[in-house]
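*Asks:* with the sequence up front, the predicted model follows.
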Amino acid sequence: MLIIGLTGGIGSGKTTVAKLFEKYGIPVYYSDIEAKKLMNRSKIIKRKLISKFGEEVYKDKYLNRPFLASIIFNDKDALNYVSQVVHPKVAQHFKRWINKQKAPFVIQENAILFENGSYKNMDKIITVTAPLKTKINRVINRDKTTKKQVLERMKNQLTDDEKTKKSDFVINNIDLADTKKQVEQIYLQLLK
Ligand code: ATP
């Protein structure tokens, strides 16, 4: 079974594209959602985060997200530490998830596929792109946030150019009807 990585910058439309593949019956693993679940569930993650950041990082058994966010916001080392703790658990969980799927290929949707090294485990990579202005406006509308905050979140991600160079397929997601056509073509190609 082929393992396909699906990535793209914030607001590019990764989730939108992932849902289009799901319509063809392709199983999609949403890394961010699974990572969040594992951070609440995994005893190892919990132990490591508490030993580094203190008891306050969990509250009533659940990750204290605002507390952790406030630490990692301006501390790259802390952010790297969290990634190094969470990433192996997500990778392990993804492997077990693959074994339960029955499909010609599966997709891992991951905003930081290149940044965290997961791309090495993929057979093919799809990057979703859109113009910077479009991405910013989409996120402002979706998350009711400000341009400044969106740019702040974009800071830690590679540029589209760096991502597309390392990709097998690029989906330019501007007009949705056009995106659907691009998805269909990639789907058909991956079936071959
Ligand atoms: P993030 O990394 O922030 O989770 P994402 O890359 O997964 O973002 P989406 O959530 O799919 O992006 O899209 C961002 C917003 O833009 C959503 O509200 C979505 O409905 C909208 N959107 C995505 N693609 C299009 C499109 N082609 N036309 C119009 N709106 C779109």
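*Replies:* Alright, I've got the coordinates. Numbers count the residues shown, from 1 in each chain.

*Asks:* show me which residues of the protein sit near the ligand.
*Replies:* When proximity is defined as C-beta under 6 Å from any ligand atom, the chain approaches the ligand at 8, 10-16, 111, 138-139, 142, 173-174, 176, 179. Glycine gets a C-beta too; all of them are placed from N, C-alpha and C.

*Asks:* Glu56 contacts Phe67, doesn't it?
*Replies:* Yes. At 5.6 Å, Glu56 counts as touching Phe67 under the criterion of C-beta atoms under 8 Å.

*Asks:* looking at the two now, which is surrounded by more residues?
*Replies:* Phe67 (14 against 11; other C-beta atoms under 10 Å).

*Asks:* looking at this, that one is in a helix?
*Replies:* Yes. Under DSSP: H, G, I helix; E, B strand; the rest coil, Phe67 sits within a helix.

*Asks:* which parts of this structure are helices?
*Replies:* Secondary structure of the chain, counting by DSSP state H: helices at 14-23, 31-41, 43-53, 65-72, 76-99, 132-143, 147-154, 160-165, 176-191.

*Asks:* give me the domain ranges for this protein.
*Replies:* 1-27+104-192, 32-100 (automatic domain parsing).

*Asks:* dump these to TSV, plus mean pLDDT.
*Replies:* What follows is the domains of the chain, written out as TSV (pLDDT from 0 to 100):
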stretch	mean pLDDT
domain 1-27+104-192	96
domain 32-100	95
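
*Asks:* buried deepest among these, which one?
*Replies:* For these, the largest average neighbour count (mean count of other C-beta atoms under 10 Å) is found in domain 1-27+104-192, namely a mean of 17.

*Asks:* just give me the residue closest to the centre of the chain.
*Replies:* Asn110 (2.3 Å; C-alpha atoms, centre = their mean).

*Asks:* what's near enough to touch that one?
*Replies:* 5-7, 31-32, 116, 118 (C-beta atoms under 8 Å, 6 or more residues apart in numbering).

*Asks:* tell me the one of these nearest the ligand?
*Replies:* Asp32 (7.1 Å; C-beta to the nearest ligand atom).

*Asks:* just to check, the closest one is in contact with Asn116?
*Replies:* No. Using C-beta under 8 Å as the test, Asp32 is too far from Asn116 to be in contact (11.5 Å).

*Asks:* residue farthest from the centroid of this protein?
*Replies:* Of all residues in the chain (C-alpha atoms, centre = their mean), Glu55 lies farthest out, 27.5 Å.

*Asks:* I'd like the distance between that residue and Asn80.
*Replies:* 22 Å (C-beta to C-beta, to the nearest Å).
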